[in-house]
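Colleague: Any chance you could fold what I've pasted below:
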Amino acid sequence: MRFINPKTDFAFKKIFGSSESKDILISFLNALVYNSDSIIQDLEIFDPYFSPKITGLKDTYLDVKAQLNTGEIVIIEMQVLNVEAFTKRVLYNAAKTYSLQLDAGQGYRFLKPVIALTITDFIEFENTDELISRFVFKEKVQNFNYSENELELVFVELPKFQKSLEELETLTDKWIYFMQRARLLESVPETLESVPQIQRAFQIANQTNLTREELDEVEKRELFLQDQKNAITLAQNEAKREKAIEIARQLLNILDDQTISRTTGLSLEEIQNLRYFRS
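Modeller: Reported below is the predicted structural model:
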């Protein structure tokens, strides 16, 4: 068997946001938002795209949106690429989801809390080793909550998860392992198959259950993501090279060519060219 990559937006929506995904999404959210506790018993999945009601606001594209039986609204985004101002976008989408709940004339008491669950395929917070980070409004000095945590941001950073298949213990472990490794598996491991909702997620992700059009869409998304990753890598390498050249120029009057080459990573020929064009 081959499985589609649940980290692409198409696959993520198909697995967690389709009409047949309610039980899967309940298990997934209980695992990631509620630390494997069975807090959510039911939910309603909505169309994750919505246009702004106020002229001038940006449209919002989310992967999954649902309202829980507990009243909270959950918006979920799977993000593979670390784009500029990403954390601001997460906060913007959460705040807009919260503010656009009310129709004209409705009182603020009808506002429901919003949880923004963001799963990243990159490390967003370098200053912590925690796999799951949670952010709420708190008083800055005494650390007490503002109201009833009307906005909560939950981040899951997949690269921080290092457990092997044999080390999986909790429902949280198993769902994150599914997100990380499903694309690389050729069969469903027994440890994951023991969770009915994960077993169903594998069935939806099985390429043999997709139409030709869906497989073409999966391939397009995979190619797009790879192209974007390559573009980011190229830009990073070019930036590092420009920095190395700038450092080398500053060292031309101080060090010999071989030392500058070892210091900056530039070749001797490149250092010599810098000297030549400088003169």
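Colleague: switch to C-alpha atoms for all contacts and neighbour counts from now on
Modeller: Will do.
Colleague: buried set for stretch 183-196?
Modeller: 183, 188, 192, 193 (16 or more other CA atoms under 10 Å).
Colleague: quick one: secondary structure of the spatially closest residue to the first one that is not a sequence neighbour?
Modeller: Okay, so that is residue 183. Among residues not flanking residue 183 along the chain, residue 5 sits closest, at 4.7 Å (CA to CA, 6 or more residues apart in numbering). The three-state label given to residue 5 by DSSP: H, G, I helix; E, B strand; the rest coil is coil.
Colleague: State which helix of this structure is the longest.
Modeller: helix 212-251 (DSSP state H).
Colleague: pLDDT of it, averaged?
Modeller: Here helix 212-251 scores 84 as its mean pLDDT.
Colleague: looking just at contacts, which helices and strands does it meet?
Modeller: helix 9-16, helix 257-264 (3 or more CA pairs under 8 Å, 6 or more residues apart in numbering; DSSP states H and E).
Colleague: Let me see the contact set for the nearest residue to residue 193 once chain neighbours are set aside.
Modeller: Spatial nearest neighbour of residue 193, excluding adjacent residues (CA to CA, 6+ apart): residue 199 at 5.0 Å. For residue 199, the contact set (CA atoms under 8 Å, 6 or more residues apart in numbering) comprises 188, 192, 193.
Colleague: Low-confidence ranges, the stretch 51-200 of the chain, go.
Modeller: The model of the stretch 51-200 of the chain has pLDDT under 70 over residues 51-61.
Colleague: hang on, residue 139 packs against residue 146?
Modeller: Yes - the pair residue 139 / residue 146 is scored as a contact, 6.7 Å apart, by CA atoms under 8 Å.
Colleague: out of these two, which sits in the busier spot?
Modeller: A count of neighbours by other CA atoms under 10 Å puts residue 146 above the other of residue 139 and residue 146, at 12 against 9.
Colleague: hang on, that one packs against residue 152?
Modeller: No - between residue 146 and residue 152 no contact is recorded; they are 11.3 Å apart, counting by CA under 8 Å.
Colleague: Between these two, which contacts overlap?
Modeller: Taking CA under 8 Å, 6+ apart as the criterion, residue 146 and residue 152 both touch residue 137.
Colleague: Neighbours of residue 112, how many?
Modeller: Using other CA under 10 Å, residue 112 has 19 other residues around it.
Colleague: Against residue 132, how distant is the closest residue in space to it that isn't next to it in sequence?
Modeller: Excluding the flanking residues, the one nearest residue 112 by CA to CA, 6+ apart is residue 72, at 5.7 Å. Using CA to CA, to the nearest Å, residue 72 is found at 19 Å from residue 132.
Colleague: Next: residue 12.
Modeller: Distance from residue 12 to residue 132, counting by CA to CA: 19 Å.
Colleague: between the two, which one's more packed in?
Modeller: Taking other CA under 10 Å, residue 12 and residue 132 do not tie; residue 12 has more neighbours (21 against 18).
Colleague: Surely the more buried one touches residue 21?
Modeller: No - Residue 12 is beyond contact range of residue 21, at 10.7 Å (criterion: CA under 8 Å).
Colleague: care to break this protein down by domain?
Modeller: 9-210, 230-278 (automatic domain parsing).
Colleague: Quick one: list the elements packing against the helix or strand containing residue 30.
Modeller: According to DSSP states H and E, residue 30 maps onto helix 22-32. Packing partners of helix 22-32 (3+ CA pairs under 8 Å, 6+ apart): helix 9-16, strand 43-46, helix 171-181, helix 196-205.
Colleague: separation between residue 123 and residue 19?
Modeller: 31 Å.
Colleague: Could you check which of these two is surrounded by more residues?
Modeller: Neighbour totals were compared for residue 123 and residue 19, and residue 123 leads with 16 against 11 (other CA under 10 Å).
Colleague: Next, that one: secondary structure please.
Modeller: Following three-state DSSP, residue 123 is assigned to coil.
Colleague: what residues are up against the closest residue to it other than its chain neighbours?
Modeller: Leaving aside its chain neighbours, residue 123 sits nearest to residue 157 (5.7 Å; criterion: CA to CA, 6+ apart). Residue 157 makes contacts with 119, 120, 121, 122, 123, 124, 131, 132, as judged by CA under 8 Å, 6+ apart.
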